[in-house]
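# sequence first, predicted coordinates after that:
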Amino acid sequence: MITLLLLMACLPFPGETQFLGFVRANHRALFPQLLSQSQFNRRARQLWPWVEALRRHWAEALGATRASLYLLDTKPLPVVGYTRRKDRSDFAATADYGVCASRHLKYFGYKLVLLCTPTGVPAAYELVPASTDERVAGEQVLDWVWQARILGDKGFIGADWQQGYRETRGLASLTPARANQRTPGPSVSSGGSTACGNGSKAPSTRCRTPAAT
């Protein structure tokens, strides 16, 4: 079962039904006790912690948690039509309404936050409600790494937030500067060096440094 789950993550099928149909038609001899789609879905949810533990182990074995440079980004994951009723949806308790400015998209669902190496090896990832602030979403994955540079977009700008991670985990966040920023800080210019940039404050106090006494 775990082998099938790992294989499904690597093959470009839109869902479990199509994936199981492919396995039945081409590799039934390898999986003679292949479950029905409903049984497969139920077993997959039960085994998810084990599969995730394997992925974490492989990420560490590939050095993904010991790199010196990471890419941090989010992606919208709509799950229900924006105008449809949500009260009877299985996602109603955990999903939320959100906006993706870069795609001009209003949606109901989740936000995937991903931290990966420049070669594309995921170091950590998480799902958060779509309305979650980018910096709060970033907090879900940044605790997996330390002593590194983090390249992110403008959604991760925040002087206090960046300073907190710089002092507590040695993470230097590099982001493009906003046109109206006034406070200097680490950001990425078009030439790849640090330039001006982090004037806004993050809504989370999780990694802020205490005030001087």
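Structure's in. What do you need? Bear in mind that the values here come from a model prediction, so they are computed numbers and not experimental data.
# looking at this structure, which helix is longest?
Taking DSSP state H as the criterion, the chain has its longest helix at helix 37-61.
# any idea how far that helix is from the chain center?
Relative to its chain's centre, helix 37-61 lies at 17 Å (Cα atoms, centre = their mean, to the nearest Å).
# distance of Arg45 relative to Gly158?
35 Å (Cβ to Cβ, to the nearest Å). For every residue, glycine as well, the C-beta is placed using N, CA and C.
# please apply the same query to Arg55.
29 Å.
# more neighbours, the two?
Set side by side, Arg55 and Gly158 show more neighbours around Gly158, with 26 against 15, by other Cβ atoms under 10 Å.
# from what I can see that one touches Arg135, true?
Yes: between Gly158 and Arg135 there is a contact under Cβ atoms under 8 Å: 5.4 Å.
# pairing partners for the helix or strand following the longest helix of the chain, with directions?
Next along the chain after helix 37-61, taking DSSP states H and E as the criterion, comes strand 69-80. Strand 69-80 has its sheet partners listed here by DSSP bridges as strand 105-116 (antiparallel), strand 148-151 (parallel).
# as a whole number, average confidence for strand 69-80?
Across strand 69-80, pLDDT averages out at 95.
# what of stretch 17-24?
94.
# thank you kindly, that will do.
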